[in-house]
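>>> Below: sequence and its predicted model.
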Amino acid sequence: MNLIIQNILLGITLAAPIGPASMAIIRNGLKHGFLGGFTTAVGVVLADTTYLLIVYFGLSALMGYSLVKIILWVYGAVVLFYLGYLSIREFFGKIDLKKYKEKKGSNLFFVGYSVNISNPMAVVFWAGIFGSILAASNHSLSKLNGLLYSLTIIIGILMWHTFLSFLSHFGNKFFKEKYFKYISLISGLILIWFGLGFGYKAITFFNK
């Protein structure tokens, strides 16, 4: 249960920093209310799920090799450190809440899906993050249960985007740059903490 909660927390912190997907949810939520923001969020989450499934079916057959697990944990640690760095950097920069715009008349679900699936680095990031989680769970779970367990990270992503949709329903007073800066700072620190955890797993597993 503790590991599931950690996965959900990781999902929340991965989703929290402001990026194109979050901006699409905010803008559609402000314009169309909670349902508009949530519909966009479902598209975003489905894109994440698509990448997770691609990574799972590409890596699950390799999880029996110890070297693969160590590589994935190290890679996952590097990815999370990098994402944490980018998130903390947002704290010292400027967040433009008007930067991202959807095309007029676009389907809100498609907007959310396309803005997230079109990121060329997404599958690289997910290979590190999801691969590390899969490596950690593989030793004690069947392949199907391992997949379901690992997908709990999606719950955290959906929870955050639903919360964002809820806030956007009430208008601009919640969307101040300073709030998102502090969210980015906290998220960055938590992501680095998860990165340290993956790195520790790699070191302890290597020294067995």
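Perfect, thanks for sending it.
>>> Please count neighbours and contacts with C-alpha atoms only from this point.
Noted.
>>> For the longest helix that the chain contains, name the packing helices and strands.
Across the chain, the longest stretch assigned as helix under DSSP state H is helix 20-59. Judged by 3 or more CA pairs under 8 Å, 6 or more residues apart in numbering; DSSP states H and E, the packing partners of helix 20-59 are helix 108-117, helix 122-138, helix 152-169.
>>> Out of those, which gets nearest to F205?
helix 122-138 (10.4 Å; CA to CA).
>>> Need the CA coordinates for stretch 187-195. CSV is fine.
Taking Å, rounded to 0.1, in the frame of the first residue of the first chain, the C-alpha atoms of stretch 187-195 are listed here in CSV:
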residue,chain,number,x,y,z
SER,A,187,7.3,19.5,-7.2
GLY,A,188,11.0,19.8,-8.3
LEU,A,189,12.2,18.9,-4.8
ILE,A,190,9.9,15.9,-4.6
LEU,A,191,11.0,14.7,-8.0
ILE,A,192,14.6,14.9,-7.0
TRP,A,193,13.8,12.9,-3.8
PHE,A,194,12.2,10.2,-6.0
GLY,A,195,15.4,10.3,-8.1
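>>> tell me the mean pLDDT over that stretch?
Stretch 187-195 carries an average pLDDT of 83.
>>> ok, for F166, nearest residue in space, not its chain neighbours?
F34 (5.5 Å; CA to CA, 6 or more residues apart in numbering).
>>> looking at it, the one you found is touching H169, isn't it?
Yes - counting by CA atoms under 8 Å, F34 does reach H169; the two are 4.8 Å apart.
>>> wait, isn't A202 in contact with V74?
Yes - using CA under 8 Å, A202 is in contact with V74, at 6.2 Å.
>>> if we can go back for a sec, following the longest helix of the chain, which helix or strand shows up next?
helix 66-92 (DSSP states H and E).
>>> and the angle for that following helix with helix 122-138?
Orientation check (axes from the mean of the first three to the mean of the last three CA atoms, to 10 degrees): helix 66-92 against helix 122-138 gives 130 degrees.
>>> for helix 66-92, the distance to its chain's centre please.
In this view, helix 66-92 has its centroid 12 Å away from the chain centroid, taken as CA atoms, centre = their mean, to the nearest Å.
>>> quick revisit: near the residue nearest to F166, how many other residues are there?
F34 has 23 neighbours, counted by other CA atoms under 10 Å.
>>> If you rank every helix and strand of this protein by mean pLDDT, what lands last?
None of the helices or strands of the chain scores lower by mean pLDDT, DSSP states H and E than helix 143-150, at a mean of 69.
>>> which helices and strands sit right next to the helix or strand harbouring K201?
Assessed by DSSP H and E, K201 sits inside helix 177-206. Packing partners of helix 177-206 (3+ CA pairs under 8 Å, 6+ apart): helix 2-15, helix 66-92.
>>> So for F125, which of these sits nearest?
It's helix 66-92; of these, that one is closest to F125 (CA to CA) at 6.2 Å.
>>> Going by neighbour count, which residues of that closest one are buried?
For helix 66-92, a neighbour-count test (16 or more other CA atoms under 10 Å) marks 68-85, 87-88, 90-91 as buried.
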